[in-house]
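S.K.: After the sequence you'll find the predicted model.
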Amino acid sequence: MAAGHGGGSREGYRDLELFIASVEDPGRAERLAIAIPGRGAFRRFKDELARWPGELERWHAFSEERQRGRARSWLAAAGYRVLPVDHRDS
């Protein structure tokens, strides 16, 4: 999967839309929504998010979880059983 794009631009773009819908500050959400139409959407989105470090961190966690979910779904569809990972020993 391409880093930051969640396995494809269509899925990645949908992640942007879902994340924007979760932003509590209406002004921030509007700025992000304005940033994503057309070519260069991911770059403009991340550039806009850089104004708010907390939102940028939240985006990274959100995006990673969405990518993991897609990977788990793909593996399950391919017949693999996905086991939970215990990160406490890391």
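M.R.: Here it is on my side, so go on. Everything numeric in this text was worked out from a predicted model, so none of it was measured. Numbers count the residues shown, from 1 in each chain.
S.K.: CA atoms for contacts and neighbours, from now on please.
M.R.: Will do.
S.K.: State the pLDDT value of the most centrally placed residue in the chain.
M.R.: Geometric centre of the chain, nearest residue: Ser63, 2.4 Å, by C-alpha atoms, centre = their mean. According to the prediction, Ser63 has pLDDT 96.
S.K.: hang on, isn't it packed against Asp15?
M.R.: Yes. Here Ser63 reaches Asp15: they are 6.8 Å apart, a contact under C-alpha atoms under 8 Å.
S.K.: Okay, now the unreliable bits of this structure?
M.R.: Applying pLDDT under 70 to the chain flags residues 1-8, 89-90.
S.K.: Please enumerate the helices of it.
M.R.: For the chain, the helices defined by DSSP state H cover 9-22, 26-35, 41-49, 53-77.
S.K.: can you list contacts of the second one?
M.R.: Outside of helix 26-35, the residues within contact range by C-alpha atoms under 8 Å, 6 or more residues apart in numbering are 17, 20-21, 23, 41, 44-45, 48-49.
S.K.: Can you turn the buried part of the residues you listed into a PyMOL selection?
M.R.: Burial among those is assessed by 16 or more other C-alpha atoms under 10 Å; the matching PyMOL selection reads:
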select buried, resi 20+23+41+44+45+48+49
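S.K.: Dump the contacts of helix 26-35 to JSON lines, plus distance to Arg10.
M.R.: Output for those, formatted as JSON lines (distance: C-alpha to C-alpha, whole Å):
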{"residue": "Glu17", "distance to Arg10": "11"}
{"residue": "Ile20", "distance to Arg10": "16"}
{"residue": "Ala21", "distance to Arg10": "17"}
{"residue": "Val23", "distance to Arg10": "20"}
{"residue": "Ala41", "distance to Arg10": "12"}
{"residue": "Arg44", "distance to Arg10": "16"}
{"residue": "Phe45", "distance to Arg10": "15"}
{"residue": "Glu48", "distance to Arg10": "20"}
{"residue": "Leu49", "distance to Arg10": "20"}
